[in-house]
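[1] No letters, just coordinates:
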């Protein structure tokens, strides 16, 4: 009983401290109106309705170039002034703060109390309704509030020193993870941690094979890869990779006992030994949420903290959406936003495959454009790099550009855009530099 009373008393003291901090912030603005430009609080961060109303009104006045004081706030509120306790409440606020010197400390108290309330609210919701959606909401809320009220500790001088150091440091040709493709490396500098990279194309363009080739190249260089395959089972993914290593036609895996030659058996056995030593993790559960993906990536990072790490997700439209959204594009937007946050959180490049709309097929020129991305608005906004694949020989069997895939880097937040070409040996699920084939032919 005594413990409950002490806890209750602590809660009362904490609430009182929070209200005092809120009142001090509002009082500081009334004492020195220009200080509102230094305050990053939003109305929702205040714990009681009347303080939310007052702060919102202050923001509106400053945006209208009207001076902030008791009179202008009261005039702006009009009949609503009774909702905040009348003119006397404003007057008390005006004399509550003797100095603006500590306003940032008061602001931080308000932020911290807001974060606690948000977590308590979603936790209570989960206890009353234990579903995947409410569990996901707790995690989402936790991630979101980490950014609330945080300010960069680095000074301008810190940033300039870092830039000067980089000017005198040779990072080599690549600043990111080697993709294995010369032209792609030159365009991107390699895959950078924190980037969300979209690979898009119509069916049979080679999206999955291209992503898996980049993943394998990372692993061959000592890296680690998480592959989230929401459509294809793990065995098929592994068979594709073994075909890549051993130059075995993918169709032969349907019945290798009968279809493999003696040479195929030897090459497959060798490839299995190579694949076994690679740090590649395949997650083929059909219904995976962003939470599932994030948990697996965290597990891999803990196991391989020092290795280059690439995440491949095949594909966006099959990720299970939790929660309710008015439109499907809003649901897709929530996924791409979370995946971008995950890329930054773990400092890994996330390669996300995406479908294109059928609008491509209605045009004479079948080369895809960014507007062909299904539910494209949020994808374009969140992506750092968008690559769109096109095979001319898929549409024109008589073309001279056989086995050539155009990779159109349609968006590149930190670099150039343009088209590169790669050799695609579809039967082996293998992409290669065109120079490799040219040099082979010259020999």
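    Here it is on my side, so go on. Just so you know, these numbers come straight off a predicted model, no measurement behind them. Numbers count the residues shown, from 1 in each chain.
[2] Could you look up the SS state of residue 311?
    Taking DSSP: H, G, I helix; E, B strand; the rest coil as the rule, one finds residue 311 in the strand state.
[3] Bridged to it, which residues?
    Beta-bridge partners for residue 311, by DSSP bridges, are residue 226, residue 350.
[4] Can you give me the neighbour number for residue 96?
    Neighbour count of residue 96, defined by other Cβ atoms under 10 Å: 16. Yep, even glycine has a C-beta here, placed from its N, CA and C like the rest.
[5] was I right about it contacting residue 22?
    No - taking contacts as Cβ atoms under 8 Å, residue 96 lies outside contact range of residue 22: 10.1 Å.
[6] For the residue most central in space within the chain, which residues are in contact?
    In the chain, the centroid-proximal residue (Cα atoms, centre = their mean) is residue 340; its distance is 1.0 Å. Under the criterion of Cβ atoms under 8 Å, 6 or more residues apart in numbering, the neighbours of residue 340 are 196, 350, 382, 383, 384.
[7] any idea which of those residues is the one closest to residue 230?
    Closest approach between the contacts of residue 340 and residue 230, by Cβ to Cβ: residue 350, at 14.4 Å.
[8] And that closest one, how close does it get to residue 333?
    16 Å (Cβ to Cβ, to the nearest Å).
[9] Tell me which of these two has more neighbours.
    Ranked by neighbour count (other Cβ under 10 Å), residue 350 and residue 333 place residue 350 first, with 28 against 18.
[10] so the more buried one touches residue 343, yeah?
    Yes - shown here, residue 350 and residue 343 form a contact pair, counting by Cβ under 8 Å, at 4.4 Å.
[11] anything in contact with each of these two?
    Contacts common to residue 350 and residue 343, judged by Cβ under 8 Å, 6+ apart, are 195, 196, 311.
[12] Contact partners for the second one?
    Residue 196 sits next to 336, 339, 340, 343, 350, 352, 382, 383, 384, 385 when contact means Cβ under 8 Å, 6+ apart.
[13] got a list of what the closest residue to the first one other than its chain neighbours touches?
    Counting by Cβ to Cβ, 6 or more residues apart in numbering, residue 336 lies nearest to residue 382, which is 4.1 Å off, once chain neighbours are set aside. Contact partners of residue 382, counting by Cβ under 8 Å, 6+ apart, are 196, 333, 336, 337, 339, 340.
[14] How about residue 315?
    So residue 315 contacts 207, 230, 231, 352, 353, 354, 355 (Cβ under 8 Å, 6+ apart).
[15] Which of those fall within helices?
    residue 207 (DSSP state H).
[16] And the contacts of residue 315, which is closest to residue 406?
    Nearest member of these to residue 406, counting by Cβ to Cβ, is residue 207, at 13.1 Å.
[17] Return the distance of the closest one relative to residue 356.
    Taken as Cβ to Cβ, the span from residue 207 to residue 356 is 10 Å.
[18] ok, now residue 30?
    On the measure of Cβ to Cβ, residue 30 and residue 356 end up 56 Å apart.
[19] same question, residue 37
    45 Å.
[20] Residue 70 - how many residues pack around it?
    14.
[21] how about the nearest residue to it, chain neighbours excluded?
    Of all residues not flanking residue 70 in the chain, residue 90 sits nearest, at 4.7 Å (Cβ to Cβ, 6+ apart).
[22] Then residue 179?
    Closest to residue 179 by Cβ to Cβ, 6+ apart is residue 214, at 5.1 Å.
[23] can you pull the pLDDT of that neighbour?
    Among the per-residue scores, residue 214 shows a pLDDT of 95.
[24] before we move on, which element is it in?
    Assessed by DSSP states H and E, residue 214 sits inside helix 207-220.
[25] repeat for residue 386
    Per DSSP H and E, residue 386 falls inside strand 385-391.
[26] tell me which residues in the helix or strand following that strand are buried?
    Next helix or strand after strand 385-391 toward the C-terminus (DSSP H and E): helix 392-395. Neighbour counts using 16 or more other Cβ atoms under 10 Å place 392, 393, 394 of helix 392-395 among the buried residues.
[27] Quick one: low-confidence residue ranges for this structure.
    1-15, 17, 146-154, 169-173, 374-377, 436-443 (pLDDT under 70).
[28] give me the element whatever residue is furthest in space from the centre of it is part of.
    Most distant from the centre of the chain: residue 88, at 48.0 Å, with distances by Cα atoms, centre = their mean. According to DSSP H and E, residue 88 maps onto helix 87-94.
[29] Can you name the residues in contact with that helix?
    In contact with helix 87-94 (Cβ under 8 Å, 6+ apart) are residues 23, 26-27, 30-31, 50, 54, 69-70, 73-74, 81, 84.
[30] In helices only, show me those.
    Of the contacts of helix 87-94, the ones assigned to helices by DSSP H are 23, 26, 27, 30, 31, 50, 54, 70, 73, 74.
[31] wait, what's in contact with the last one?
    Counting by Cβ under 8 Å, 6+ apart, residue 74 touches 81, 87, 90.
[32] ok, the first one - contacts?
    Pointing back at residue 81 there. 74, 87.
[33] Please report the distance of it from residue 91.
    When residue 81 is compared with residue 91 (using Cβ to Cβ), they lie 12 Å apart.
[34] Break this protein down into its domains, please.
    2-146, 182-442 (automatic domain parsing).
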